[in-house]
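> with the input below, show me the fold.
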Amino acid sequence: MHVYKPSGAGVGLGDALPGSGAKVLERGSWSAAIVDELAVDSSDIQVAKYRMSGFQDTELDSILRNLGVTTLMFAGVNADQCVLCTLQDANFRGYDCLLLEDCAATTSPDYCLAATLYNVRQCFGFVLGSETITAELGRSERNQRDVS
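Residues are numbered from 1 along each chain as shown. Prediction:
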């Protein structure tokens, strides 16, 4: 319950938000919902998380290993909190980590994002833009068509 209310006052994980009454980051609540602009496919695998890291107390690692995944791309909000915690835990588990800088943001002060980008580059993975990934995936797809 410490998250977001270290003094014990205010709204923390699982607490009701003022006005809406939605529970903070609780499965099934408005604050844990997928935004309307993000298309969800019926084949998508969804993992509910209850801590800052998507790996802590979830089946995420087992799912990724069963799928043979070795590289993970990270995006989202808040980059210096949940995104970073999940990225670090992925790194600790041996995954290659890519943080998409133009697809990550934070509500924290600017220096928090700068420190996050620095630390990812220094210790935990790579920072790059989504245009780099898009170009490389397109190039890889073209090369596969040329080979077949």
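> any regions of the protein where pLDDT drops low?
Along the chain, segments meeting pLDDT under 70 span 1-5, 13, 148.
> show me the helices in it, by range?
60-67, 84-92, 110-119, 130-147 (DSSP state H).
> so which of those helices is the most surrounded?
helix 84-92 (a mean of 20; mean count of other CB atoms under 10 Å). Every C-beta, even on glycine, is put in place using the N, C-alpha and C of the backbone.
> what's the single longest strand in this protein?
strand 96-105 (DSSP state E).
> what does that one contact?
Residues outside strand 96-105 that contact it (CB atoms under 8 Å, 6 or more residues apart in numbering): 70-79, 83, 87, 90-91, 113, 117, 120, 124-131, 133.
> buried residues, stretch 69-85. List them.
Neighbour-count burial for stretch 69-85, counted by 16 or more other CB atoms under 10 Å, picks out 72-74, 76, 78-85.
> what about those, which are in strands?
Per DSSP E, these map to strands at 72-74, 76.
> which members of these are the farthest-apart pair?
The span of these, defined through CB to CB, is set by Leu72 and Gly76 at 12.1 Å.
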